[in-house]
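Trainee: Mind looking at a prediction? Sequence and model below.
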Amino acid sequence: MEKHSRRNMLKVGGALGALGALTIATPAQAVPWTWSAAGSVAGTGAGTDPKWVWDEVADPLVASLLDRGDVPRVNELLRGWTTNGQALPAGLPADLRDFIETARRLPSWANQAKLDTALDFYKKRGTYLGVLYGLASGMMSTAIPHEARAVYYSKGGADMKDRIKKTARLGYDIGTANAFNPNGQMIVTCVKTRLVHAAVRHLLPQSPGWDGAADEQIPISQADMMVTWHSLATTVMQKLGVWKVPVTSAHSAAYLHVWQLSAHMLGIKDEYIPASWAEADAQAKQVLDPILAPTPEGINLAKILLNLGAEIDGGLLTPNLLGAFTRYTLGDRIADWLRIPREVLWDPAFAVFWPAFIAAKEFSLAFPGTPELWWTFDELLRQAVTLFLSGGQQFSIEIPTGNRP
Ligand code: HEM
């Protein structure tokens with residue numbers, strides 16, 4: 001089936017059912033979907049390959065809002081909707097209001113005790129999470145072809161600084177007290193992001209740049225969503241393990257829960273959300289590891305990301321330092337794909353001294369490196385948190401009405 005006729009089907013009838021979609025050629029890099037829904041939070045499911053599932057409720061709704069020209073007014077109204085328990089502003093189109101009222105409800109499996117424990121985890125490990133979201137997940141996203149192309153050709157791709165701040169909003173909100181409670185903001189952020197993704201599914205296929213580069217007809221499938229989820233949650237958890245940061249089993253379970261809940265609120269179906277870290281690792285091996293690859297768009301975005309740090313006061317986060325940290329956390333393969341230069345000084349410094357730095361911090365051990373190196377590592381943590389976690393809270397997430405100009 002040709003790209004544009006599929007897009008029209010999405011427009012008129014919501015996301016395609018699995019049956020029709022199976023007639024489309026499988027993307028080159030895809031591996032067969034065998035992950036069982038028995039390992040999901042739902043515990044059961046139809047087993048449909050998530051590459052052919054999008055968001056059958058939000059997609060036709062937002063496509064219709066865009067076609068009706070309602071989005072600028074909706075964005076203006078939704079700017080005032082900021083906390084989870086807040087009533088929706090008057091004047092929203094009735095279909096959107098109905099959607100949000102349903103989408104904002106937490107699933108029955110939300111667990112307040114785990115959310116409280118997750119907050120404790122964030123308090124204790126927030127600095128590591130900040131640097132990992134920004135530099136492990138953020139840089140990895142540029143080596144995820146579907147995401148790199150979607151970001152590059154969407155409206156936000158033209159101003160990465162602004163986009164990072166908006167995306168950081170989620171990283172910030174997820175770690176706040178009461179994130180999912182009535183006076184928190186995470187539900188609002190997730191529901192708005194769900195609307196943004198639905199808009200992107202409608203808009204990107206109209207971008208000649210995206211259309212020419214992409215190997216898919218409609219962006220941001222449920223599989224893509226899980227890929228990004230793993231680049232965030234699973235990767236961060238794995239890296240904490242590699243760094244030998246002590247994480248209690250209660251913290252580990254609570255951190256997983258926060259991300260499961262976020263996935264649900266972003267519109268990911270429960271049958272695709274892993275029920276345990278072991279299931280997450282297994283799913284990531286299937287959906288994330290095989291699809292990582294360089295693209296011209298990703299290389300371009302990686303360069304922009306590495307240069308963003310230099311704008312922080314003090315200028316410590318140079319592209320060289322951030323590049324070396326990326327090479328250390330994501331490995332040579334990804335760093336070489338992203339054309340990150342080798343650093344004579346910093347590459348060995350991270351390889352030799354970062355584990356000792358973490359051990360010294362965590363276990364009050366003596367640091368074998370110099371005080372200057374300790375200071376640099378410590379500032380890297382602190383400034384990365386400033387860059388990636390605390391800048392986002394004042395930005396409102398808005399539904400785009402166009403692509404990158
Ligand atoms: C927008 C988070 C998955 C592509 C956003 C925003 C957030 C976010 C917070 C709003 C910020 C903004 O407006 O710039 C997430 C999370 C995901 C996820 C937590 C998964 C767990 C994906 C995937 C893709 C994608 C899989 C593409 C394959 C985009 C694009 C935008 C966006 C293109 C809009 C940028 C624009 O303003 O033009 N996402 N996202 N996202 N996301 Fe995602």
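Mentor: Happy to help now that I have it.
Trainee: sec struct for Ala339, please.
Mentor: Just so we're on the same page, residue 339 is Arg rather than Ala. Put simply, Arg339 is coil when judged by DSSP: H, G, I helix; E, B strand; the rest coil.
Trainee: swap that for Ala90, please
Mentor: coil.
Trainee: any idea of the pLDDT on it?
Mentor: For Ala90, the model assigns a pLDDT of 97.
Trainee: Which positions in the protein make contact with the ligand?
Mentor: Selection of the chain residues close to the ligand by C-beta under 6 Å from any ligand atom yields 146-147, 150-151, 154-156, 163, 166-167, 169-170, 193, 196-197, 200, 219-220, 224-225, 228-229, 266, 397, 400. Every residue, glycine included, has its C-beta placed from N, CA and C.
Trainee: one more time with 5 Å, if that's ok
Mentor: Within the chain, the positions adjacent to the ligand are 146-147, 150, 154-156, 163, 166-167, 170, 193, 196, 200, 220, 224-225, 228-229, 397, 400 by C-beta under 5 Å from any ligand atom.
Trainee: I'd assumed Leu66 was in contact with Val74.
Mentor: No - using C-beta atoms under 8 Å, Val74 makes no contact with Leu66, being 9.9 Å away.
Trainee: Okay, the residue in the chain positioned nearest to the ligand and Pro400: tell me how far apart.
Mentor: Across the chain, no residue is closer to the ligand than Gly156, which sits at 2.9 Å (C-beta to the nearest ligand atom). Look at Gly156 and Pro400: by C-beta to C-beta, to the nearest Å, they are 7 Å apart.
Trainee: likewise Ile220?
Mentor: Counting by C-beta to C-beta - Ile220 and Pro400 are separated by 13 Å.
Trainee: Can you give the domain ranges for this protein?
Mentor: 62-100, 123-184+201-394 (automatic domain parsing).
Trainee: Tabulate these (JSON lines), appending mean neighbour count.
Mentor: Formatted as JSON lines, these follow (neighbours: other C-beta atoms under 10 Å):
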{"stretch": "domain 62-100", "mean neighbour count": "16"}
{"stretch": "domain 123-184+201-394", "mean neighbour count": "19"}
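Trainee: For those, which has the smallest mean pLDDT value?
Mentor: domain 123-184+201-394 (a mean of 91).
Trainee: returning to what we had before: can you tell which of the domains of the chain is closest to Gly43?
Mentor: domain 123-184+201-394 (7.2 Å; C-beta to C-beta).
Trainee: Now Pro93. Nearest residue, chain neighbours left out?
Mentor: Asp70 (5.7 Å; C-beta to C-beta, 6 or more residues apart in numbering).
Trainee: Repeat that for Leu119.
Mentor: Ala177 (5.6 Å).
Trainee: Now do the SS call for that neighbour.
Mentor: Ala177 - assigned by three-state DSSP - is coil.
Trainee: And for the one 3 residues further on?
Mentor: For Phe180, the secondary-structure state derived from three-state DSSP is coil.
Trainee: which ones are touching it?
Mentor: Phe180 sits next to Asn84, Leu106, Ala110, Leu115, Met186, Ile187, Leu261 when contact means C-beta atoms under 8 Å, 6 or more residues apart in numbering.
Trainee: let's go with 10 Å and repeat that
Mentor: Residues in contact with Phe180 (C-beta atoms under 10 Å, 6 or more residues apart in numbering) are 84, 106, 110, 112, 115, 118, 173-174, 186-187, 190, 258, 261-262, 265.
Trainee: Can you give me the distance of it to Leu92?
Mentor: 22 Å.
Trainee: can you check Met186 too?
Mentor: 20 Å.
Trainee: next one: Ile358
Mentor: 48 Å.
Trainee: again with Arg382
Mentor: On the measure of C-beta to C-beta, Arg382 and Leu92 end up 41 Å apart.
Trainee: Are there residues contacting both of Ile220 and Pro400? Which ones?
Mentor: By C-beta under 10 Å, 6+ apart, the residues touching both Ile220 and Pro400 are Val196, Val200, Leu204.
Trainee: Mind checking which of the residues of the chain next to the ligand land in helices?
Mentor: 146-147, 150, 163, 166-167, 170, 193, 196, 200, 224-225, 228-229 (DSSP state H).
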